[in-house]
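>>> Okay, structure incoming, though there's no sequence with it:
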(Lines give C-alpha, C1' and ligand atoms only; values in the text may rest on other atoms or scores of the structure.)
Protein backbone atom coordinates (compact mmCIF):
# COMPACT_ATOMS: atom_id res chain seq x y z
CA UNK A 1 0.00 0.00 0.00
CA UNK A 2 1.35 3.43 -0.91
CA UNK A 3 1.06 6.02 1.80
CA UNK A 4 -0.18 9.57 1.42
CA UNK A 5 -0.81 12.74 3.40
CA UNK A 6 -4.02 14.79 3.37
CA UNK A 7 -3.78 18.14 5.15
CA UNK A 8 -7.35 18.67 6.24
CA UNK A 9 -9.07 21.93 7.19
CA UNK A 10 -11.64 21.41 9.96
CA UNK A 11 -13.06 24.93 9.75
CA UNK A 12 -13.61 27.05 12.85
CA UNK A 13 -15.22 24.41 15.06
CA UNK A 14 -18.75 23.41 14.04
CA UNK A 15 -19.41 20.16 12.18
CA UNK A 16 -21.74 22.07 9.82
CA UNK A 17 -18.69 23.88 8.40
CA UNK A 18 -16.60 20.78 7.63
CA UNK A 19 -16.69 20.18 3.88
CA UNK A 20 -17.73 16.74 2.58
CA UNK A 21 -14.26 16.45 1.02
CA UNK A 22 -12.57 16.95 4.41
CA UNK A 23 -14.99 14.55 6.12
CA UNK A 24 -14.28 11.91 3.50
CA UNK A 25 -10.52 12.22 4.10
CA UNK A 26 -11.07 11.80 7.85
CA UNK A 27 -13.25 8.75 7.19
CA UNK A 28 -10.52 6.99 5.19
CA UNK A 29 -7.41 7.90 7.21
CA UNK A 30 -5.41 5.25 9.05
CA UNK A 31 -3.67 7.92 11.16
CA UNK A 32 -4.73 11.35 12.38
CA UNK A 33 -1.97 13.79 13.32
CA UNK A 34 -2.46 17.18 14.94
CA UNK A 35 -2.51 19.60 17.83
CA UNK A 36 -4.48 17.83 20.57
CA UNK A 37 -7.61 20.08 20.65
CA UNK A 38 -8.01 19.69 16.86
CA UNK A 39 -7.57 15.90 16.95
CA UNK A 40 -10.25 15.81 19.65
CA UNK A 41 -12.70 17.35 17.20
CA UNK A 42 -12.47 14.25 14.97
CA UNK A 43 -15.06 11.57 15.73
CA UNK A 44 -12.95 8.50 16.75
CA UNK A 45 -13.06 5.32 14.65
CA UNK A 46 -11.82 1.86 15.69
CA UNK A 47 -8.39 0.95 14.34
CA UNK A 48 -7.32 4.52 13.61
CA UNK A 49 -4.16 5.78 15.33
CA UNK A 50 -4.28 9.30 16.78
CA UNK A 51 -1.04 11.26 17.22
CA UNK A 52 -1.40 14.45 19.22
CA UNK A 53 1.27 17.08 19.88
CA UNK A 54 1.80 20.54 21.30
CA UNK A 55 0.76 23.74 19.51
CA UNK A 56 4.30 24.95 18.78
CA UNK A 57 5.50 21.61 17.36
CA UNK A 58 4.29 22.18 13.78
CA UNK A 59 7.45 21.07 12.00
CA UNK A 60 7.91 17.91 14.08
CA UNK A 61 4.23 17.08 13.51
CA UNK A 62 4.68 17.52 9.75
CA UNK A 63 7.76 15.27 9.85
CA UNK A 64 5.82 12.61 11.75
CA UNK A 65 3.05 12.72 9.14
CA UNK A 66 5.50 12.29 6.25
CA UNK A 67 7.37 9.51 8.10
CA UNK A 68 4.09 7.64 8.65
CA UNK A 69 3.13 8.07 4.99
CA UNK A 70 6.55 6.74 3.98
CA UNK A 71 5.61 3.58 5.91
CA UNK A 72 2.46 3.25 3.79
CA UNK A 73 0.00 4.88 6.18
CA UNK A 74 -2.83 7.17 5.02
CA UNK A 75 -2.33 10.20 7.21
CA UNK A 76 -4.77 13.05 7.86
CA UNK A 77 -3.00 16.08 9.31
CA UNK A 78 -5.77 18.16 10.88
CA UNK A 79 -5.76 21.95 11.12
CA UNK A 80 -8.33 24.35 12.42
CA UNK A 81 -9.76 26.66 9.74
CA UNK A 82 -8.00 26.32 6.40
CA UNK A 83 -4.75 24.32 6.46
CA UNK A 84 -3.12 26.73 3.99
CA UNK A 85 -3.64 29.87 6.12
CA UNK A 86 -1.24 30.15 9.08
CA UNK A 87 -1.61 26.41 9.63
CA UNK A 88 -0.15 22.99 8.84
CA UNK A 89 0.11 22.89 5.02
CA UNK A 90 3.20 25.13 4.84
CA UNK A 91 4.82 23.12 7.66
CA UNK A 92 4.34 19.90 5.68
CA UNK A 93 6.04 21.38 2.61
CA UNK A 94 8.84 22.78 4.79
CA UNK A 95 9.40 19.29 6.20
CA UNK A 96 9.37 17.87 2.68
CA UNK A 97 11.87 20.45 1.43
CA UNK A 98 14.31 19.36 4.12
CA UNK A 99 14.02 15.64 3.33
CA UNK A 100 14.43 14.52 -0.32
CA UNK A 101 13.33 10.97 0.57
CA UNK A 102 9.82 12.32 1.27
CA UNK A 103 9.43 14.36 -1.91
CA UNK A 104 7.63 11.61 -3.79
CA UNK A 105 4.92 11.21 -1.14
CA UNK A 106 1.56 12.44 -2.49
CA UNK A 107 0.26 15.38 -0.45
CA UNK A 108 -3.24 16.77 -0.88
CA UNK A 109 -4.30 20.00 0.82
CA UNK A 110 -8.06 20.06 1.49
CA UNK A 111 -9.36 23.60 1.98
CA UNK A 112 -11.49 24.68 4.92
CA UNK A 113 -13.34 27.74 6.20
CA UNK A 114 -10.57 29.90 7.64
CA UNK A 115 -11.27 32.01 10.74
CA UNK A 116 -11.53 35.35 8.95
CA UNK A 117 -14.29 34.08 6.62
CA UNK A 118 -16.30 32.67 9.52
CA UNK A 119 -15.78 35.80 11.63
CA UNK A 120 -16.69 38.08 8.74
CA UNK A 121 -19.85 36.10 8.00
CA UNK A 122 -21.01 36.35 11.62
CA UNK A 123 -20.41 40.13 11.66
CA UNK A 124 -21.89 40.89 8.21
CA UNK A 125 -19.47 41.49 5.33
CA UNK A 126 -16.42 43.41 6.60
CA UNK A 127 -14.21 41.68 3.96
CA UNK A 128 -16.47 42.87 1.13
CA UNK A 129 -13.62 44.83 -0.50
CA UNK A 130 -9.82 44.37 -0.78
CA UNK A 131 -8.33 42.96 2.42
CA UNK A 132 -5.21 41.39 3.85
CA UNK A 133 -4.47 38.68 6.40
CA UNK A 134 -1.67 39.32 8.88
CA UNK A 135 -0.39 36.87 11.48
CA UNK A 136 0.39 38.98 14.54
CA UNK A 137 2.61 36.30 16.08
CA UNK A 138 6.30 37.20 16.02
CA UNK A 139 7.43 33.64 16.77
CA UNK A 140 8.62 33.19 13.18
CA UNK A 141 9.20 36.74 11.92
CA UNK A 142 10.58 39.96 13.38
CA UNK A 143 8.13 42.43 14.92
CA UNK A 144 9.57 45.12 12.61
CA UNK A 145 8.11 43.24 9.61
CA UNK A 146 4.67 43.13 11.24
CA UNK A 147 4.85 46.90 11.77
CA UNK A 148 5.93 47.48 8.19
CA UNK A 149 3.03 45.38 6.90
CA UNK A 150 0.52 47.10 9.17
CA UNK A 151 1.66 50.52 7.97
CA UNK A 152 1.52 49.45 4.32
CA UNK A 153 -1.98 48.04 4.81
CA UNK A 154 -3.29 51.18 6.49
CA UNK A 155 -1.69 53.54 3.98
CA UNK A 156 -3.34 51.68 1.07
CA UNK A 157 -6.63 51.46 3.01
CA UNK A 158 -6.93 47.67 3.08
CA UNK A 159 -9.24 45.96 5.51
CA UNK A 160 -6.93 43.96 7.84
CA UNK A 161 -7.72 40.53 9.30
CA UNK A 162 -5.38 39.82 12.22
CA UNK A 163 -4.72 36.20 13.20
CA UNK A 164 -3.21 35.23 16.57
CA UNK A 165 -3.46 38.75 17.98
CA UNK A 166 -2.38 37.85 21.51
CA UNK A 167 -1.23 34.89 23.59
CA UNK A 168 0.14 34.35 27.08
CA UNK A 169 3.63 34.05 25.59
CA UNK A 170 3.14 37.24 23.53
CA UNK A 171 0.93 39.58 25.56
CA UNK A 172 2.23 42.82 24.04
CA UNK A 173 1.85 42.56 20.27
CA UNK A 174 -1.82 43.43 19.93
CA UNK A 175 -1.41 46.51 22.15
CA UNK A 176 1.49 47.68 20.01
CA UNK A 177 -0.55 47.09 16.85
CA UNK A 178 -3.42 49.12 18.32
CA UNK A 179 -1.00 51.94 19.14
CA UNK A 180 0.20 51.98 15.55
CA UNK A 181 -3.37 51.91 14.18
CA UNK A 182 -4.33 54.84 16.44
CA UNK A 183 -1.52 56.90 14.96
CA UNK A 184 -2.78 56.41 11.41
CA UNK A 185 -6.56 55.79 11.57
CA UNK A 186 -9.45 57.95 12.72
CA UNK A 187 -10.84 57.06 16.21
CA UNK A 188 -14.20 55.90 14.80
CA UNK A 189 -12.56 53.26 12.51
CA UNK A 190 -14.58 50.08 13.06
CA UNK A 191 -12.95 46.99 14.57
CA UNK A 192 -14.55 43.52 14.77
CA UNK A 193 -13.42 41.27 17.64
CA UNK A 194 -14.67 37.77 16.87
CA UNK A 195 -13.92 35.15 19.50
CA UNK A 196 -14.46 31.37 19.32
CA UNK A 197 -16.63 31.77 16.22
CA UNK A 198 -19.02 28.86 15.46
CA UNK A 199 -18.55 27.39 18.95
CA UNK A 200 -20.91 27.63 21.94
CA UNK A 201 -18.60 30.33 23.38
CA UNK A 202 -18.88 32.59 20.29
CA UNK A 203 -18.77 36.33 20.89
CA UNK A 204 -18.77 39.08 18.25
CA UNK A 205 -18.07 42.68 19.23
CA UNK A 206 -17.93 45.66 16.89
CA UNK A 207 -16.31 48.77 18.36
CA UNK A 208 -14.70 51.99 17.17
CA UNK A 209 -10.89 51.82 17.34
CA UNK A 210 -10.88 54.34 20.20
CA UNK A 211 -12.72 51.87 22.43
CA UNK A 212 -10.66 48.76 21.68
CA UNK A 213 -8.27 47.64 24.42
CA UNK A 214 -5.47 45.11 24.13
CA UNK A 215 -7.02 42.74 26.68
CA UNK A 216 -10.13 42.30 24.51
CA UNK A 217 -8.26 39.75 22.34
CA UNK A 218 -6.70 36.36 23.02
CA UNK A 219 -5.53 33.40 20.91
CA UNK A 220 -9.15 32.48 20.11
CA UNK A 221 -9.89 35.94 18.74
CA UNK A 222 -9.82 37.00 15.10
CA UNK A 223 -9.64 40.77 14.72
CA UNK A 224 -10.83 42.61 11.62
CA UNK A 225 -9.87 46.28 11.28
CA UNK A 226 -12.10 48.02 8.77
CA UNK A 227 -11.04 50.34 5.98
CA UNK A 228 -12.13 53.97 5.84
CA UNK A 229 -15.29 52.75 4.09
CA UNK A 230 -16.33 50.05 6.58
CA UNK A 231 -19.67 50.96 8.18
CA UNK A 232 -22.64 49.68 10.14
CA UNK A 233 -26.15 48.97 8.90
CA UNK A 234 -28.74 47.64 11.36
CA UNK A 235 -26.82 45.12 13.53
CA UNK A 236 -24.28 44.32 10.79
CA UNK A 237 -20.90 45.71 9.74
CA UNK A 238 -19.81 45.69 6.13
CA UNK A 239 -17.36 47.16 3.65
CA UNK A 240 -18.95 48.34 0.39
CA UNK A 241 -17.78 46.79 -2.86
CA UNK A 242 -16.65 50.17 -4.19
CA UNK A 243 -13.50 51.88 -2.96
CA UNK A 244 -11.50 55.06 -3.34
CA UNK B 1 -44.40 33.58 8.15
CA UNK B 2 -41.45 35.91 8.67
CA UNK B 3 -39.08 36.10 5.77
CA UNK B 4 -35.31 35.97 5.89
CA UNK B 5 -32.26 36.07 3.65
CA UNK B 6 -29.35 33.61 3.70
CA UNK B 7 -26.37 34.61 1.59
CA UNK B 8 -24.91 31.25 0.70
CA UNK B 9 -21.36 30.45 -0.41
CA UNK B 10 -21.29 27.59 -2.93
CA UNK B 11 -17.50 27.26 -2.95
CA UNK B 12 -15.54 27.01 -6.21
CA UNK B 13 -17.77 24.53 -8.01
CA UNK B 14 -17.60 20.98 -6.66
CA UNK B 15 -20.37 19.59 -4.45
CA UNK B 16 -17.70 18.15 -2.12
CA UNK B 17 -16.75 21.70 -1.11
CA UNK B 18 -20.27 22.89 -0.19
CA UNK B 19 -20.55 23.01 3.60
CA UNK B 20 -23.43 21.15 5.31
CA UNK B 21 -24.60 24.55 6.61
CA UNK B 22 -24.86 25.96 3.09
CA UNK B 23 -26.57 22.80 1.81
CA UNK B 24 -29.10 22.98 4.60
CA UNK B 25 -29.95 26.60 3.70
CA UNK B 26 -30.45 25.59 0.06
CA UNK B 27 -32.69 22.70 1.18
CA UNK B 28 -35.01 25.00 3.14
CA UNK B 29 -35.20 28.02 0.82
CA UNK B 30 -38.45 28.99 -0.90
CA UNK B 31 -36.57 31.20 -3.37
CA UNK B 32 -33.08 31.05 -4.85
CA UNK B 33 -31.63 34.30 -6.22
CA UNK B 34 -28.38 34.62 -8.13
CA UNK B 35 -26.26 34.98 -11.22
CA UNK B 36 -27.56 32.33 -13.64
CA UNK B 37 -24.50 30.00 -13.70
CA UNK B 38 -24.50 29.86 -9.89
CA UNK B 39 -28.24 29.20 -9.62
CA UNK B 40 -27.73 26.36 -12.10
CA UNK B 41 -25.37 24.69 -9.62
CA UNK B 42 -28.23 24.26 -7.14
CA UNK B 43 -30.10 20.93 -7.44
CA UNK B 44 -33.72 21.97 -8.30
CA UNK B 45 -36.55 21.16 -5.89
CA UNK B 46 -40.28 21.27 -6.68
CA UNK B 47 -42.05 24.39 -5.48
CA UNK B 48 -38.92 26.52 -5.21
CA UNK B 49 -38.78 29.72 -7.27
CA UNK B 50 -35.51 30.46 -9.06
CA UNK B 51 -34.61 34.08 -9.91
CA UNK B 52 -31.59 34.45 -12.18
CA UNK B 53 -29.93 37.65 -13.29
CA UNK B 54 -26.87 39.02 -15.04
CA UNK B 55 -23.40 39.12 -13.51
CA UNK B 56 -23.25 42.90 -13.22
CA UNK B 57 -26.67 43.25 -11.55
CA UNK B 58 -25.51 42.59 -7.96
CA UNK B 59 -27.35 45.48 -6.32
CA UNK B 60 -30.66 44.81 -8.10
CA UNK B 61 -30.33 41.11 -7.18
CA UNK B 62 -29.78 42.03 -3.53
CA UNK B 63 -32.82 44.32 -3.63
CA UNK B 64 -34.93 41.53 -5.11
CA UNK B 65 -33.82 39.17 -2.33
CA UNK B 66 -34.74 41.67 0.39
CA UNK B 67 -38.08 42.49 -1.28
CA UNK B 68 -38.95 38.77 -1.43
CA UNK B 69 -37.98 38.33 2.23
CA UNK B 70 -40.17 41.31 3.12
CA UNK B 71 -43.05 39.32 1.59
CA UNK B 72 -42.28 36.42 3.95
CA UNK B 73 -40.17 34.32 1.60
CA UNK B 74 -37.07 32.40 2.74
CA UNK B 75 -34.50 33.52 0.23
CA UNK B 76 -31.13 31.94 -0.52
CA UNK B 77 -28.84 34.35 -2.39
CA UNK B 78 -26.18 32.16 -3.97
CA UNK B 79 -22.59 33.22 -4.55
CA UNK B 80 -19.63 31.34 -5.89
CA UNK B 81 -16.83 30.90 -3.36
CA UNK B 82 -17.41 32.80 -0.14
CA UNK B 83 -20.27 35.32 -0.26
CA UNK B 84 -18.28 37.81 1.84
CA UNK B 85 -15.29 37.99 -0.55
CA UNK B 86 -15.94 40.06 -3.70
CA UNK B 87 -19.44 38.61 -3.85
CA UNK B 88 -23.07 39.09 -2.81
CA UNK B 89 -22.95 39.69 0.96
CA UNK B 90 -21.72 43.28 0.69
CA UNK B 91 -24.31 43.98 -2.02
CA UNK B 92 -27.12 42.80 0.30
CA UNK B 93 -25.97 45.15 3.06
CA UNK B 94 -25.60 48.00 0.56
CA UNK B 95 -29.20 47.41 -0.53
CA UNK B 96 -30.30 47.31 3.11
CA UNK B 97 -28.47 50.55 3.90
CA UNK B 98 -30.42 52.31 1.17
CA UNK B 99 -33.83 51.05 2.34
CA UNK B 100 -34.75 51.48 6.05
CA UNK B 101 -37.87 49.32 5.59
CA UNK B 102 -35.61 46.30 4.99
CA UNK B 103 -33.32 46.82 8.00
CA UNK B 104 -35.29 44.50 10.28
CA UNK B 105 -35.05 41.54 7.87
CA UNK B 106 -32.80 38.81 9.33
CA UNK B 107 -29.77 38.23 7.12
CA UNK B 108 -27.37 35.34 7.67
CA UNK B 109 -24.12 35.07 5.74
CA UNK B 110 -23.00 31.44 5.35
CA UNK B 111 -19.29 31.17 4.61
CA UNK B 112 -17.84 29.16 1.75
CA UNK B 113 -14.48 28.13 0.30
CA UNK B 114 -13.34 31.24 -1.54
CA UNK B 115 -11.36 30.88 -4.78
CA UNK B 116 -7.96 31.77 -3.31
CA UNK B 117 -8.19 29.00 -0.67
CA UNK B 118 -9.16 26.40 -3.26
CA UNK B 119 -6.48 27.58 -5.71
CA UNK B 120 -3.82 27.65 -2.99
CA UNK B 121 -4.74 24.14 -1.84
CA UNK B 122 -4.42 22.76 -5.37
CA UNK B 123 -1.00 24.40 -5.82
CA UNK B 124 0.40 23.56 -2.38
CA UNK B 125 0.48 26.30 0.25
CA UNK B 126 1.33 29.63 -1.41
CA UNK B 127 -0.77 31.50 1.21
CA UNK B 128 1.22 29.97 4.08
CA UNK B 129 2.38 33.41 5.27
CA UNK B 130 0.84 36.93 5.31
CA UNK B 131 -1.18 37.64 2.18
CA UNK B 132 -3.69 40.01 0.68
CA UNK B 133 -6.68 39.71 -1.63
CA UNK B 134 -7.07 42.30 -4.36
CA UNK B 135 -9.98 42.56 -6.79
CA UNK B 136 -8.41 43.60 -10.10
CA UNK B 137 -11.72 44.82 -11.52
CA UNK B 138 -11.95 48.59 -11.81
CA UNK B 139 -15.73 48.58 -12.29
CA UNK B 140 -16.25 49.95 -8.77
CA UNK B 141 -12.94 51.63 -7.90
CA UNK B 142 -10.39 53.72 -9.77
CA UNK B 143 -7.43 51.93 -11.37
CA UNK B 144 -5.12 54.30 -9.45
CA UNK B 145 -6.25 52.68 -6.18
CA UNK B 146 -5.47 49.21 -7.54
CA UNK B 147 -1.96 50.39 -8.45
CA UNK B 148 -1.48 51.95 -5.02
CA UNK B 149 -2.51 48.72 -3.33
CA UNK B 150 -0.32 46.59 -5.57
CA UNK B 151 2.71 48.76 -4.81
CA UNK B 152 2.00 48.69 -1.06
CA UNK B 153 1.64 44.90 -1.15
CA UNK B 154 4.88 44.39 -3.05
CA UNK B 155 6.86 46.82 -0.89
CA UNK B 156 5.77 45.02 2.30
CA UNK B 157 6.40 41.63 0.62
CA UNK B 158 2.86 40.24 0.95
CA UNK B 159 1.73 37.31 -1.12
CA UNK B 160 -1.03 38.71 -3.40
CA UNK B 161 -4.19 36.84 -4.45
CA UNK B 162 -5.76 38.58 -7.46
CA UNK B 163 -9.47 38.07 -8.11
CA UNK B 164 -11.08 38.91 -11.47
CA UNK B 165 -7.76 39.56 -13.20
CA UNK B 166 -9.19 39.95 -16.68
CA UNK B 167 -12.49 40.01 -18.54
CA UNK B 168 -13.68 40.81 -22.06
CA UNK B 169 -14.86 44.20 -20.80
CA UNK B 170 -11.54 44.85 -19.02
CA UNK B 171 -8.83 43.19 -21.13
CA UNK B 172 -5.99 45.51 -20.03
CA UNK B 173 -5.85 45.44 -16.23
CA UNK B 174 -3.92 42.23 -15.72
CA UNK B 175 -1.27 43.28 -18.25
CA UNK B 176 -0.84 46.60 -16.47
CA UNK B 177 -0.58 44.82 -13.11
CA UNK B 178 2.09 42.49 -14.57
CA UNK B 179 4.01 45.53 -15.83
CA UNK B 180 3.97 47.04 -12.36
CA UNK B 181 5.04 43.77 -10.74
CA UNK B 182 7.94 43.43 -13.20
CA UNK B 183 9.21 46.87 -12.14
CA UNK B 184 9.36 45.87 -8.47
CA UNK B 185 9.87 42.10 -8.30
CA UNK B 186 12.69 39.82 -9.44
CA UNK B 187 12.00 37.89 -12.71
CA UNK B 188 11.98 34.51 -10.95
CA UNK B 189 9.16 35.53 -8.55
CA UNK B 190 6.66 32.66 -8.62
CA UNK B 191 3.14 33.18 -9.94
CA UNK B 192 0.28 30.65 -9.69
CA UNK B 193 -2.40 30.79 -12.40
CA UNK B 194 -5.32 28.68 -11.18
CA UNK B 195 -8.22 28.36 -13.60
CA UNK B 196 -11.65 26.79 -13.00
CA UNK B 197 -10.42 25.17 -9.80
CA UNK B 198 -12.43 22.13 -8.59
CA UNK B 199 -14.22 21.81 -11.93
CA UNK B 200 -13.52 19.34 -14.76
CA UNK B 201 -11.74 22.17 -16.61
CA UNK B 202 -9.28 22.84 -13.78
CA UNK B 203 -5.78 23.96 -14.73
CA UNK B 204 -2.97 25.01 -12.38
CA UNK B 205 0.19 26.60 -13.76
CA UNK B 206 3.16 27.83 -11.74
CA UNK B 207 5.54 30.12 -13.62
CA UNK B 208 8.22 32.68 -12.88
CA UNK B 209 6.93 36.25 -13.31
CA UNK B 210 9.13 36.71 -16.39
CA UNK B 211 7.15 34.01 -18.24
CA UNK B 212 3.63 35.16 -17.34
CA UNK B 213 1.65 36.83 -20.11
CA UNK B 214 -1.56 38.81 -19.78
CA UNK B 215 -3.55 36.42 -21.96
CA UNK B 216 -2.90 33.54 -19.55
CA UNK B 217 -5.71 34.82 -17.28
CA UNK B 218 -9.44 35.26 -17.74
CA UNK B 219 -12.46 35.74 -15.43
CA UNK B 220 -12.23 32.11 -14.27
CA UNK B 221 -8.60 32.53 -13.20
CA UNK B 222 -7.34 33.26 -9.72
CA UNK B 223 -3.77 34.55 -9.72
CA UNK B 224 -1.44 34.24 -6.74
CA UNK B 225 1.79 36.25 -6.83
CA UNK B 226 4.28 34.87 -4.33
CA UNK B 227 6.40 36.81 -1.89
CA UNK B 228 10.21 36.82 -2.03
CA UNK B 229 10.09 33.63 0.07
CA UNK B 230 7.64 31.63 -2.07
CA UNK B 231 9.36 28.55 -3.49
CA UNK B 232 8.86 25.14 -5.10
CA UNK B 233 9.31 21.74 -3.54
CA UNK B 234 8.63 18.62 -5.66
CA UNK B 235 5.50 19.54 -7.71
CA UNK B 236 4.18 21.99 -5.10
CA UNK B 237 4.59 25.72 -4.44
CA UNK B 238 4.52 27.10 -0.92
CA UNK B 239 5.39 30.10 1.20
CA UNK B 240 7.22 29.26 4.44
CA UNK B 241 5.62 30.24 7.73
CA UNK B 242 8.59 32.41 8.64
CA UNK B 243 9.24 35.78 7.04
CA UNK B 244 11.74 38.60 6.99
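Arrived safely. Everything numeric in this text was worked out from a predicted model, so none of it was measured.
>>> Report the buried residues of the helix or strand hosting residue A:37.
Secondary structure assignment for residue A:37, by DSSP states H and E: helix A:36-39. Of the residues in helix A:36-39, A:38, A:39 count as buried by neighbour count, 16 or more other CB atoms under 10 Å in any protein chain shown. Quick note: C-beta positions are derived from backbone N, CA and C, even for glycine.
>>> cool, and stretch A:139-148?
A:141, A:145, A:146.
>>> quick one: the last one and residue A:140 touch, right?
No - in this structure, residue A:146 sits apart from residue A:140 without contact. The criterion is CB atoms under 8 Å, and the distance is 10.9 Å.
>>> quick one: which of the buried residues of stretch A:139-148 is nearest to chain B?
For the buried residues of stretch A:139-148, the closest approach to chain B (CB to the nearest CB) belongs to residue A:141, at 3.9 Å.
>>> Confirm the closest one sits in a helix?
No - counting by DSSP: H, G, I helix; E, B strand; the rest coil, residue A:141 is not found in a helix; it is coil.
>>> Hmm, residue B:239 and it touching each other?
No - using CB under 8 Å, residue A:141 is not in contact with residue B:239; the gap is 11.8 Å.
>>> for residue A:58, phi and psi?
Phi and psi for residue A:58, reported as degrees, to the nearest 10, are phi -60, psi -50.
>>> Neighbours of it, how many?
By other CB atoms under 10 Å in any protein chain shown, 22 other residues sit near residue A:58.
>>> Okay, now the unreliable bits of chain A?
Filtered on pLDDT under 70, chain A yields the residue ranges A:1, A:244.
>>> so what are the domain limits for it?
Chain A breaks down into these domains under automatic domain parsing: A:4-113, A:116-238.
>>> close to chain B, is the helix or strand hosting residue A:148?
If you go by DSSP H and E, residue A:148 is part of helix A:143-155. Yes - against chain B, helix A:143-155 shows contacts by CB under 8 Å from any CB of the partner chain at A:145, A:148, A:149, A:151, A:152, A:153, A:155.
>>> How about whatever helix or strand comes next after that helix and chain B, any contact?
Sequence order places strand A:159-163 as the next helix or strand after helix A:143-155, per DSSP H and E. No - shown here: strand A:159-163 not in contact with chain B (CB under 8 Å from any CB), separated by at least 9.1 Å.
>>> who does strand A:159-163 touch, helix- and strand-wise?
helix A:115-123, strand A:131-135, helix A:143-155, strand A:221-225 (3 or more CB pairs under 8 Å, 6 or more residues apart in numbering or on different chains; DSSP states H and E).
>>> Quick one: work out the angle between the longest one and strand B:131-135.
In this case it means helix A:143-155. Interaxial angle, helix A:143-155 versus strand B:131-135 (axes from the mean of the first three to the mean of the last three CA atoms, to 10 degrees): 20 degrees.
>>> on contacts alone, who are the packing partners of helix A:143-155?
Secondary-structure packing of helix A:143-155 (3+ CB pairs under 8 Å, 6+ apart): strand A:131-135, strand A:159-163, helix A:173-184, helix B:143-155.
>>> Outside of the longest one itself, list whatever touches it.
Outside of helix B:143-155, the residues within contact range by CB atoms under 8 Å, 6 or more residues apart in numbering or on different chains are A:130, A:132, A:152-153, A:155-158, A:243-244, B:132, B:134, B:136, B:138, B:160, B:173, B:176-177, B:180-181, B:184-185.
>>> Now the common contact residues for residue A:141 and residue B:239.
Common neighbours of residue A:141 and residue B:239 (CB under 8 Å, 6+ apart) are residue B:129.
>>> So what does residue A:105 have for phi and psi?
Residue A:105 has phi and psi values of phi -70, psi 130 when expressed as degrees, to the nearest 10.
>>> nearest residue to it other than its sequence neighbours?
residue A:69 (4.8 Å; CB to CB, 6 or more residues apart in numbering or on different chains).
>>> tell me the contacts of that neighbour?
Counted by CB under 8 Å, 6+ apart, residue A:69 has contacts A:3, A:4, A:5, A:75, A:102, A:105.
>>> Just among the residues of helix A:143-155 next to chain B, which is most surrounded?
residue A:153 (28 neighbours).
>>> ok, so what distance separates that one from residue B:149?
9 Å (CB to CB, to the nearest Å).
>>> Next: residue A:229.
Residue A:229 is 13 Å from residue B:149, by CB to CB.
>>> What of residue A:110?
In terms of CB to CB, residue A:110 sits 30 Å off from residue B:149.
>>> So the residue nearest to residue A:24 when sequence neighbours are not counted, which state does it fall into?
Closest residue in space to residue A:24, ignoring its immediate chain neighbours: residue B:16 at 7.2 Å, by CB to CB, 6+ apart. Following three-state DSSP, residue B:16 is assigned to helix.
>>> can you tell if stretch A:118-127 touches chain B?
Yes - using CB under 8 Å from any CB, stretch A:118-127 reaches chain B at A:118, A:120, A:121, A:122, A:124, A:125, A:126, A:127.
>>> Could you tell me the end-to-end distance of that stretch?
Start and end residues of stretch A:118-127 are separated by 11 Å (CA to CA, to the nearest Å).
>>> Now the phi/psi pair for the residue nearest to residue A:105, please.
Taking degrees, to the nearest 10 as the convention, residue A:69 sits at phi -60, psi -40.
>>> before we move on, back to that, including distance to residue A:40, could the helices and strands packed on strand A:159-163 go into a markdown table?
A markdown table is the format used below for the helices and strands packed on strand A:159-163 (distance: least, CB to CB, whole Å):
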| stretch | distance to residue A:40 |
| --- | --- |
| helix A:115-123 | 18 |
| strand A:131-135 | 24 |
| helix A:143-155 | 31 |
| strand A:221-225 | 21 |
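>>> Out of those, flag the one nearest residue B:210.
The closest of these to residue B:210 is helix A:143-155. By CB to CB, the value is 24.8 Å.
>>> what about the closest one, distance to the chain center?
Put simply, helix A:143-155 sits 19 Å off its chain's centre (CA atoms, centre = their mean, to the nearest Å).
>>> again, but for stretch A:82-102
That offset, for stretch A:82-102, works out to 16 Å (CA atoms, centre = their mean).
>>> Then stretch A:20-37?
Stretch A:20-37 sits 18 Å away from the centroid of its parent chain (CA atoms, centre = their mean).
>>> Show residues contacting it.
A:6, A:8-11, A:39, A:42-43, A:45, A:47-55, A:61, A:64-65, A:68, A:73-79, A:88, A:108, A:110, A:112, B:14-18, B:20.
>>> Contact partners for the closest residue in space to residue A:137 that isn't next to it in sequence?
Excluding its sequence neighbours, the residue lying closest to residue A:137 (CB to CB, 6+ apart) is residue A:164, at 4.3 Å. Counting by CB under 8 Å, 6+ apart, residue A:164 touches A:86, A:135, A:136, A:137, A:219.
>>> Would you convert those into a markdown table that also reports neighbour count?
Formatted as a markdown table, these follow (neighbours: other CB atoms under 10 Å in any protein chain shown):
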| residue | neighbour count |
| --- | --- |
| A:86 | 26 |
| A:135 | 23 |
| A:136 | 23 |
| A:137 | 19 |
| A:219 | 15 |
